[in-house]
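>>> I need the structure of the sequence given here:
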Amino acid sequence: MDIDELLELEHQGWGALCDGTGADFYGEIMTEDGVMILAHGYVFDRQSVISSLRDAPTWDRYEIRDERLIGAGAETAILVYSALAFRGDEAPFNALMSSTYTRRDGRWRLALYQQTPVPADTSAQA
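Numbers count the residues shown, from 1 in each chain. This next block holds a predicted model:
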(Lines give C-alpha, C1' and ligand atoms only; values in the text may rest on other atoms or scores of the structure.)
Protein backbone atom coordinates (compact mmCIF):
# COMPACT_ATOMS: atom_id res chain seq x y z
CA MET A 1 0.00 0.00 0.00
CA ASP A 2 1.59 3.21 -1.22
CA ILE A 3 0.09 6.66 -0.66
CA ASP A 4 1.93 8.03 -3.71
CA GLU A 5 0.36 5.43 -6.01
CA LEU A 6 -3.17 6.11 -4.79
CA LEU A 7 -2.64 9.86 -4.71
CA GLU A 8 -1.52 9.66 -8.34
CA LEU A 9 -4.81 7.94 -9.19
CA GLU A 10 -6.70 10.77 -7.48
CA HIS A 11 -4.74 13.33 -9.51
CA GLN A 12 -5.54 11.38 -12.69
CA GLY A 13 -9.22 11.43 -11.76
CA TRP A 14 -9.24 15.16 -11.05
CA GLY A 15 -7.27 15.74 -14.25
CA ALA A 16 -9.94 13.83 -16.17
CA LEU A 17 -12.63 16.00 -14.55
CA CYS A 18 -10.69 19.06 -15.72
CA ASP A 19 -10.16 17.89 -19.32
CA GLY A 20 -13.59 16.36 -19.89
CA THR A 21 -12.56 12.68 -19.91
CA GLY A 22 -14.03 11.85 -16.49
CA ALA A 23 -16.62 9.39 -17.86
CA ASP A 24 -13.89 7.30 -19.48
CA PHE A 25 -11.55 7.48 -16.50
CA TYR A 26 -14.12 6.56 -13.86
CA GLY A 27 -15.75 3.98 -16.12
CA GLU A 28 -12.39 2.23 -16.21
CA ILE A 29 -11.21 2.63 -12.61
CA MET A 30 -14.44 1.99 -10.70
CA THR A 31 -15.35 -1.54 -9.64
CA GLU A 32 -18.50 -2.95 -11.22
CA ASP A 33 -20.36 -2.50 -7.91
CA GLY A 34 -18.64 0.78 -6.98
CA VAL A 35 -20.54 3.86 -5.84
CA MET A 36 -19.95 7.57 -5.41
CA ILE A 37 -21.66 9.51 -2.63
CA LEU A 38 -21.58 13.14 -3.71
CA ALA A 39 -21.75 16.36 -1.73
CA HIS A 40 -25.32 17.25 -2.64
CA GLY A 41 -26.81 13.96 -1.50
CA TYR A 42 -26.59 11.94 -4.70
CA VAL A 43 -25.52 8.29 -4.62
CA PHE A 44 -24.42 7.10 -8.05
CA ASP A 45 -23.55 3.59 -9.11
CA ARG A 46 -20.82 3.09 -11.72
CA GLN A 47 -23.15 3.47 -14.72
CA SER A 48 -24.74 6.62 -13.25
CA VAL A 49 -21.27 8.11 -12.72
CA ILE A 50 -20.35 7.43 -16.34
CA SER A 51 -23.62 8.90 -17.62
CA SER A 52 -23.44 11.99 -15.42
CA LEU A 53 -19.87 12.80 -16.42
CA ARG A 54 -20.42 12.55 -20.18
CA ASP A 55 -21.83 16.08 -20.36
CA ALA A 56 -20.66 17.50 -17.03
CA PRO A 57 -18.95 20.89 -17.03
CA THR A 58 -15.23 20.62 -16.49
CA TRP A 59 -13.30 21.99 -13.55
CA ASP A 60 -10.68 24.65 -14.23
CA ARG A 61 -8.29 23.50 -11.53
CA TYR A 62 -8.13 21.72 -8.20
CA GLU A 63 -5.98 21.39 -5.09
CA ILE A 64 -5.49 18.32 -2.90
CA ARG A 65 -4.32 18.87 0.67
CA ASP A 66 -3.83 17.07 3.96
CA GLU A 67 -3.86 13.63 2.36
CA ARG A 68 -3.51 10.53 4.49
CA LEU A 69 -3.78 6.81 3.85
CA ILE A 70 -5.74 4.42 6.03
CA GLY A 71 -5.04 0.72 5.71
CA ALA A 72 -8.07 -1.53 5.56
CA GLY A 73 -6.47 -4.90 4.86
CA ALA A 74 -3.96 -6.34 2.44
CA GLU A 75 -5.96 -5.45 -0.68
CA THR A 76 -7.89 -2.35 0.43
CA ALA A 77 -6.87 1.21 1.33
CA ILE A 78 -8.69 4.47 1.96
CA LEU A 79 -7.25 7.77 0.80
CA VAL A 80 -8.62 10.75 2.76
CA TYR A 81 -7.93 14.38 1.84
CA SER A 82 -9.35 17.86 1.56
CA ALA A 83 -9.88 19.39 -1.85
CA LEU A 84 -10.68 22.73 -3.40
CA ALA A 85 -11.95 22.79 -6.97
CA PHE A 86 -12.53 25.85 -9.12
CA ARG A 87 -14.89 26.37 -12.05
CA GLY A 88 -15.45 29.69 -13.80
CA ASP A 89 -16.92 32.37 -11.55
CA GLU A 90 -18.50 29.85 -9.16
CA ALA A 91 -17.49 29.78 -5.51
CA PRO A 92 -14.77 27.18 -4.94
CA PHE A 93 -15.98 23.68 -4.14
CA ASN A 94 -14.45 22.87 -0.74
CA ALA A 95 -14.89 19.32 0.53
CA LEU A 96 -13.39 16.45 2.44
CA MET A 97 -12.95 13.38 0.24
CA SER A 98 -12.45 9.71 0.86
CA SER A 99 -11.66 7.15 -1.82
CA THR A 100 -11.70 3.47 -0.96
CA TYR A 101 -9.54 1.44 -3.31
CA THR A 102 -9.37 -2.32 -3.61
CA ARG A 103 -6.82 -4.29 -5.57
CA ARG A 104 -8.49 -6.41 -8.26
CA ASP A 105 -6.73 -8.23 -11.06
CA GLY A 106 -3.42 -6.73 -9.95
CA ARG A 107 -4.44 -3.06 -10.01
CA TRP A 108 -6.16 -0.57 -7.76
CA ARG A 109 -9.87 -0.02 -8.45
CA LEU A 110 -12.17 2.56 -6.88
CA ALA A 111 -14.93 0.89 -4.85
CA LEU A 112 -16.31 3.86 -2.90
CA TYR A 113 -15.84 7.61 -3.18
CA GLN A 114 -17.47 10.08 -0.80
CA GLN A 115 -17.55 13.88 -0.61
CA THR A 116 -18.43 15.87 2.49
CA PRO A 117 -18.81 19.60 1.81
CA VAL A 118 -17.05 22.03 4.12
CA PRO A 119 -19.22 25.03 5.02
CA ALA A 120 -17.82 28.35 3.81
CA ASP A 121 -17.25 29.63 7.36
CA THR A 122 -14.95 26.79 8.47
CA SER A 123 -11.60 25.49 7.32
CA ALA A 124 -11.03 21.91 6.09
CA GLN A 125 -9.37 19.59 8.56
CA ALA A 126 -8.69 16.20 6.99
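
>>> residues near Arg54, how many?
Neighbourhood size, Arg54 [other C-beta atoms under 10 Å]: 12. (C-beta placed from N, C-alpha, C; glycine too.)

>>> so it touches Gly20, yeah?
No. Using C-beta atoms under 8 Å as the test, Arg54 is too far from Gly20 to be in contact (9.3 Å).

>>> and the strands in the chain?
30-37, 43-45, 61-71, 76-86, 93-104, 107-117 (DSSP state E).

>>> could those strands go into a markdown table alongside mean pLDDT and distance to Ala16?
Listed next are these as a markdown table, based on pLDDT from 0 to 100; distance: least, C-beta to C-beta, whole Å:
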| stretch | mean pLDDT | distance to Ala16 |
| --- | --- | --- |
| strand 30-37 | 97 | 12 |
| strand 43-45 | 97 | 16 |
| strand 61-71 | 96 | 11 |
| strand 76-86 | 96 | 13 |
| strand 93-104 | 96 | 14 |
| strand 107-117 | 96 | 12 |
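
>>> number of nearby residues for Glu10?
20.

>>> tilt between the longest helix anywhere in the chain and strand 76-86?
Ordering each helix of the chain by length in residues (DSSP state H) puts helix 3-19 first. Going by axes from the mean of the first three to the mean of the last three C-alpha atoms, to 10 degrees, helix 3-19 is angled at 40 degrees with respect to strand 76-86.
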